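**Q** need coordinates for the following:
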Amino acid sequence: MSPILGNLIKRGLSLGETFESRQIDVSPIHFQKKTLYRLLRKAQSTTFGKYYGFRDLMRSPDIIKSYQQTVPLYTYDQMYNRWWHMSLKQIDNVSWPEKVKYFALSSGTSGAPSKYIPITEDLQKSMRRGGLRMFFALSQFNVDPALFTKSMMMLGGSSDLQNSSGYFAGDLSGINANKLPLWLRAYYKPGAEIAQLADWDSRLDRIARNAKEWDIGFLVGIPSWLQLMMDRIIHYHGVDTIHDVWPNLEVCVHGGVAFEPYRKSMEKYFARPLIYMDSYLASEGFIAFQSRPETQAMKLLLNNGIFLEFIPYTDENFDAEGNMIGQPHALSIDQVVEGENYALLLSTSGGAWRYLIGDTVRFTDVARSEIIITGRTKHFLSVCGEHVSVDNMNQVIQQLEDDFNVYIPEFTAGAVQSGNRHAHRWYIGMDPMIDPEKALSVIDQKMCAINDDYRTERKHVLLEPEINVIPPRMFLDFQRQKGQLGGQYKFPRVMRGAAFAEWEQFVMSHSIR
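**A** Got it, this is the predicted structure:
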């Protein structure tokens, strides 16, 4: 494609972004009220909509308040056991007015080993609109127009979906790869044939062999798996950096996990800096993306088929295991404040209603509706009120990387008991490895500095953390043993119970402590 075409595309993106930016003057709550009304109107004749009287809710002078008073909060297990199991049996119009043909498989934290999340036609349209809006935002990042003629390496799960009785199931990225819009298919790599390979290592081998045939300008995926792909390519071609293979690579769109712990280890693959864009695409919907280079926070998509609510993440609303207590009061977008942790609720065109997605977020700029993801409701370490979030852990890991000039691509932690007291036990994948005692000092001091609750509990109840420094490959080996290799899998930052015991047994059996 010619540079002229690249300039035309960039000009088109700029016009699209100008349209988006003009909507800043419209209040977030206006968008959200309109979104909720449209969702209720579309689903009013479904089994769910009739049960909760959506038609009456639409007439309410305060539609959000009436909706919150009528429809209860749902966890996945509650939503599945009462409603979605019927959709899986191919019953029409359960919680959205269509027969659901696709289900995204998502790892469950409780109940069934996998969650089946309905992916409706309307939800897929919403996701495509979200992706296009993120593409518009690239015009704010000062990229060369020629970039828009380059291909995108989108590394996700296999597009070879499970074909069950009447529906297909698989990773969301695999579903999306099968349903790419026409304009994107010409740019998409590794292409349909390679993307269908179910074996992760075979897929990476094929990507490595074909890499020099592609002119890649964009990387899209989870950082840890992008690194594995680049390792394979660099080794196969005997080069120093990925730019020796893809000289026009400029942008990395990442998501699924916080990027900062990966930044240092990612940068060693490149001959020059990339533009990084964060995205928040879950199986339940496209929620937010980074819309400007001045911040790492992401702008919520408030007019894209998702109605959002926010539950303050407090001891009154969630227990020590991250389970929701009763039916806590949820806030709308006009009631949130900056600096607080909130558990996220979604109502979507996928037939999710007041659904606890399991993520926690914090607003960094309420006026711009910008957030960062701080963790998972079940991924807080809080055995005695210390309330350590994954965001806290990421900041500590970044401090370690900066202080000792090391790469820490993976880490996890869990709580252990000694007598009647507790401690946090960390496992840190580090290259090069350092003395655990040095890491302990940084972790403990940094955590005390950024988390007041942790500092208080360390004085009275919480023992000093236990630090285990291990080779990064241990995390990959553990996932390989569990059959969890691939672009859709993320190593949990916090582990509990049997999962943590299994991990510790694995580490011990490999003689690494």
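**Q** could you pull up phi and psi at residue 167?
**A** phi -150, psi 160 (degrees, to the nearest 10).
**Q** how about it: what's its closest non-neighbour residue?
**A** residue 101 (5.5 Å; Cβ to Cβ, 6 or more residues apart in numbering). C-beta coordinates here come from the backbone N, C-alpha and C atoms, glycine included.
**Q** wait, that neighbour sits on residue 165?
**A** No - between residue 101 and residue 165 there is no contact, the gap being 11.8 Å when judged by Cβ atoms under 8 Å.
**Q** those two: which is more packed in?
**A** residue 101 (14 against 7; other Cβ atoms under 10 Å).
**Q** state the pLDDT value of that one.
**A** Confidence at residue 101, expressed as pLDDT, is 95.
**Q** and it, what is it in contact with?
**A** Residue 101 is in contact with 166-168, counting by Cβ atoms under 8 Å, 6 or more residues apart in numbering.
**Q** likewise residue 217?
**A** Applying Cβ under 8 Å, 6+ apart, the residues contacting residue 217 are 147-152, 246, 248-251.
**Q** now those residues: which count as buried?
**A** Burial by neighbour count, judged by 16 or more other Cβ atoms under 10 Å, picks out 147-152, 246, 249-251 from the contacts of residue 217.
**Q** farthest-separated two in the residues you listed?
**A** The span of those, defined through Cβ to Cβ, is set by 148 and 246 at 15.6 Å.
**Q** name the residues of stretch 239-249 that are buried.
**A** Neighbour-count burial for stretch 239-249, with 16+ other Cβ under 10 Å as criterion, is recorded at 241-243, 245-246, 249.
**Q** please report phi then psi for the residue nearest to residue 167.
**A** phi -100, psi -20.
**Q** quick one: it from residue 120, how far?
**A** 8 Å (Cβ to Cβ, to the nearest Å).
**Q** for the helix or strand harbouring residue 205, name the packing helices and strands.
**A** Secondary structure assigned from DSSP states H and E places residue 205 in helix 200-210. Using 3 or more Cβ pairs under 8 Å, 6 or more residues apart in numbering; DSSP states H and E, the elements in contact with helix 200-210 are helix 192-195, helix 223-237.
**Q** may I have that helix as CSV, with CA atoms only?
**A** Provided in CSV are the C-alpha atoms of helix 200-210 (Å, rounded to 0.1, in the frame of the first residue of the first chain):
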residue,chain,number,x,y,z
TRP,A,200,0.5,-23.2,21.2
ASP,A,201,4.1,-24.2,20.4
SER,A,202,3.2,-25.3,16.9
ARG,A,203,1.5,-21.9,16.3
LEU,A,204,4.6,-20.1,17.5
ASP,A,205,6.9,-22.2,15.3
ARG,A,206,4.8,-21.3,12.3
ILE,A,207,4.7,-17.7,13.2
ALA,A,208,8.5,-17.7,13.5
ARG,A,209,9.0,-19.4,10.1
ASN,A,210,6.8,-16.9,8.3
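**Q** and that helix, which residues are buried?
**A** Buried-residue list, helix 200-210, by 16+ other Cβ under 10 Å: 200, 203-204, 206-208.
**Q** ditto for stretch 218-233
**A** 218-230, 232-233.
**Q** report the distance from that stretch to the chain centre.
**A** In terms of Cα atoms, centre = their mean, to the nearest Å, the centre of stretch 218-233 is found 16 Å from the chain centre.
**Q** the residue nearest to residue 246 when sequence neighbours are not counted: what's it in contact with?
**A** Excluding the flanking residues, the one nearest residue 246 by Cβ to Cβ, 6+ apart is residue 216, at 4.2 Å. By Cβ under 8 Å, 6+ apart, the contact set of residue 216 is 150-153, 189, 246, 248-249.
**Q** want to throw the residues you listed into CSV with distance to residue 496 and secondary structure?
**A** Shown next, in CSV, are the contacts of residue 216 (distance: Cβ to Cβ, whole Å; DSSP: H, G, I helix; E, B strand; the rest coil):
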residue, distance to residue 496, secondary structure
150, 43, coil
151, 41, strand
152, 37, strand
153, 35, strand
189, 38, strand
246, 40, coil
248, 44, coil
249, 39, coil
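**Q** now the two most distant members of those.
**A** 189 and 248 (12.9 Å).
**Q** give the residue farthest from the middle of the chain.
**A** Going by Cα atoms, centre = their mean, the residue of the chain most distant from its centre is residue 419, 36.9 Å out.
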